[in-house]
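Engineer: sequence first, predicted model second:
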Amino acid sequence: MKRILCFSAYAANLRYVALARGLRDHGYEVIASKSHGPSGSILELALTLLPNCWLALTCRADLAAGFKPHPNVTLPLWIAKLRGLPTWLDVDDLDHAYRTGWVGTLVEILQRPFPRLYTIVTYHNENLREHLIRDRHVNPDRLLRVEQGVDCRLFDGQAAPDRVAEVRRRFDLAGKPVAVYTAHLNVASDLEPVLTAWQTVVRELPAAVLLVVGGGPLRQHFENLAGQMGLTSQVHFTGEVSHGDVPAFFAVADVALLYFSPRLVNQYRCSLKLREYFAAGVKVVCNDVGELPTFAHLTYQSSSDPAAFAANIVRVLRGGGDRREQQAHDYARQQLHWPRLIEQATREIVARGGLASPD
């Protein structure tokens, strides 16, 4: 059994969770750092820094892997490197671009020196690759693309009928056009332009309901914003939902919404929610920023103008569409299913890291 020591900036990072599970499924023993503090918070970053460094110093392993280049990952990886272990860093965002001002600058400074130091650096889209080469000075030979995947098994069967019925009752959805927007409501969420568009949608379709599925530190902010926009009865916030319950919300939806505002960070993101929408076979209405134009043939896409986005939502809710969601469903299973992606990535990571196959 070969041992892989894993550090994640946030224990709930779904990309990390999927990759760690995939490595276990391939027979590797994964030693994962423990989470401390509120999930996904700055406090989690702070409280895990020293324990992660101690684990890197003391744990026997054959490879050290880190997910997101925050200090609670990069410093432990540096310690593992000094111990002679091959190292793997996964970069899945332009983290500093989520925030402006001194906070964004600090994040950029803290992350800048590290990616070029490690044996393997994985990423998920071409823009991020160019950034790593140009701005982080990573040797292209060390780079490996690992596409953003989705666990299609979660959406393989029908959602539990009792959960679907419960969602319909809880939000009084019978006979109403329903849109769903899934998100962790933090600085990454572009919910505000979606709410702006929804004001136009309900003028055309007064019975339409938007379900915002997920919690997060900005949930109250967005609830207050929806109230100020006069959308209290047309927008419902579900709060935190277990991943296993997400299919029930997709099952009640006529469309799923995704909007990337034209800010720098969205040029480097790969949307997990988009891939889950595809896997569920739900119609996706989105705009045309970042990676989204790549999927224009699988989505119902408009410009980023809120009026155009709203008009597109109304059109699809009224029955517009050409069944491209079925193509998206097939594409997710053929190209984006995590086990397939992890099998491909594992072979390359094992070869580059000099890690033998598990006994």
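Structural biologist: Now that the structure is in, tell me what you want to look at. Computed from a predicted model, the values in this text were never measured in an experiment.
Engineer: residues in contact with the residue nearest the centre of the chain?
Structural biologist: Geometric centre of the chain, nearest residue: Leu272, 3.8 Å, by C-alpha atoms, centre = their mean. By C-beta atoms under 8 Å, 6 or more residues apart in numbering, Leu272 lies in contact with 14-15, 148, 150. Using the backbone N, CA and C atoms, a C-beta is placed for each residue, glycine as well.
Engineer: closest to His221 out of those?
Structural biologist: The nearest member of those to His221, counting by C-beta to C-beta, is Leu14 at 22.9 Å.
Engineer: if you skip the residues just before and after it, what's nearest to that closest one?
Structural biologist: Leaving out its chain neighbours, the residue that sits closest to Leu14 by C-beta to C-beta, 6 or more residues apart in numbering is Leu272, at 6.0 Å.
Engineer: please tell me how far that neighbour sits from Ala61.
Structural biologist: Taking C-beta to C-beta, to the nearest Å as the measure, Leu272 falls 28 Å from Ala61.
Engineer: for Arg263, same thing?
Structural biologist: From Arg263 to Ala61 the distance is 38 Å (C-beta to C-beta).
Engineer: the more surrounded of the two?
Structural biologist: Ala61 (21 against 13; other C-beta atoms under 10 Å).
Engineer: ramachandran coordinates for Val235?
Structural biologist: Torsion angles at Val235 (phi, psi; degrees, to the nearest 10) stand at phi -130, psi 120.
Engineer: what does Thr87 give?
Structural biologist: Per degrees, to the nearest 10, the backbone of Thr87 is at phi -130, psi 150.
Engineer: what's the distance between the residue nearest to it when sequence neighbours are not counted and His243?
Structural biologist: Leaving aside its chain neighbours, Thr87 sits nearest to Tyr118 (4.1 Å; criterion: C-beta to C-beta, 6+ apart). Separation of Tyr118 from His243 (C-beta to C-beta) stands at 29 Å.
Engineer: those two: who's more crowded?
Structural biologist: Of the pair Tyr118 and His243, Tyr118 is the one with more neighbours under other C-beta under 10 Å, namely 22 against 12.
Engineer: show me where the stretch 101-250 of the chain has helices.
Structural biologist: Along the stretch 101-250 of the chain, counting by DSSP state H, counting those that start in this stretch, helices occupy 101-111, 126-134, 161-170, 191-204, 219-228, 246-251.
Engineer: average pLDDT across the last one?
Structural biologist: Right, helix 246-251. In this model, helix 246-251 has an average pLDDT of 94.
Engineer: helices or strands up against that helix?
Structural biologist: helix 161-170, strand 178-182, strand 209-213, helix 272-280 (3 or more C-beta pairs under 8 Å, 6 or more residues apart in numbering; DSSP states H and E).
Engineer: still on that earlier bit, most neighbours, which of the contacts of Leu272?
Structural biologist: Val150 (25 neighbours).
Engineer: what about the strands in the stretch 251-359 of the chain?
Structural biologist: Assigned by DSSP state E, counting those that start in this stretch, the stretch 251-359 of the chain shows strands spanning 255-258, 284-286, 300-301.
Engineer: same question for the stretch 1-150 of the chain.
Structural biologist: 3-8, 29-32, 63-67, 87-90, 120-123, 143-145.
Engineer: any chance of TSV for the ones you listed, columns mean pLDDT and mean neighbour count?
Structural biologist: Listed next are these as TSV, based on pLDDT from 0 to 100; neighbours: other C-beta atoms under 10 Å:
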stretch	mean pLDDT	mean neighbour count
strand 3-8	95	24
strand 29-32	94	16
strand 63-67	96	28
strand 87-90	96	26
strand 120-123	96	24
strand 143-145	95	16
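Engineer: now distance to Ile342 too, for the ones you listed, in a markdown table please.
Structural biologist: Compiled in a markdown table, the strands of the stretch 1-150 of the chain are given as follows (distance: least, C-beta to C-beta, whole Å):
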| stretch | distance to Ile342 |
| --- | --- |
| strand 3-8 | 13 |
| strand 29-32 | 12 |
| strand 63-67 | 13 |
| strand 87-90 | 12 |
| strand 120-123 | 11 |
| strand 143-145 | 12 |
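Engineer: those strands: which one's closest to Ser41?
Structural biologist: So among the strands of the stretch 1-150 of the chain, strand 3-8 is nearest, using C-beta to C-beta, at 13.6 Å.
Engineer: for the closest one, name the packing helices and strands.
Structural biologist: Counting by 3+ C-beta pairs under 8 Å, 6+ apart, strand 3-8 packs on helix 14-25, strand 29-32, helix 42-58, strand 63-67, helix 71-82.
Engineer: now with 6 Å?
Structural biologist: helix 14-25, strand 29-32, strand 63-67 (3 or more C-beta pairs under 6 Å, 6 or more residues apart in numbering; DSSP states H and E).
Engineer: thinking again about what came up before, want to throw the helices and strands packed on helix 246-251 into JSON lines with mean pLDDT and distance to Gln334?
Structural biologist: Shown next, in JSON lines, are the helices and strands packed on helix 246-251 (pLDDT from 0 to 100; distance: least, C-beta to C-beta, whole Å):
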{"stretch": "helix 161-170", "mean pLDDT": "93", "distance to Gln334": "27"}
{"stretch": "strand 178-182", "mean pLDDT": "97", "distance to Gln334": "23"}
{"stretch": "strand 209-213", "mean pLDDT": "97", "distance to Gln334": "26"}
{"stretch": "helix 272-280", "mean pLDDT": "95", "distance to Gln334": "11"}
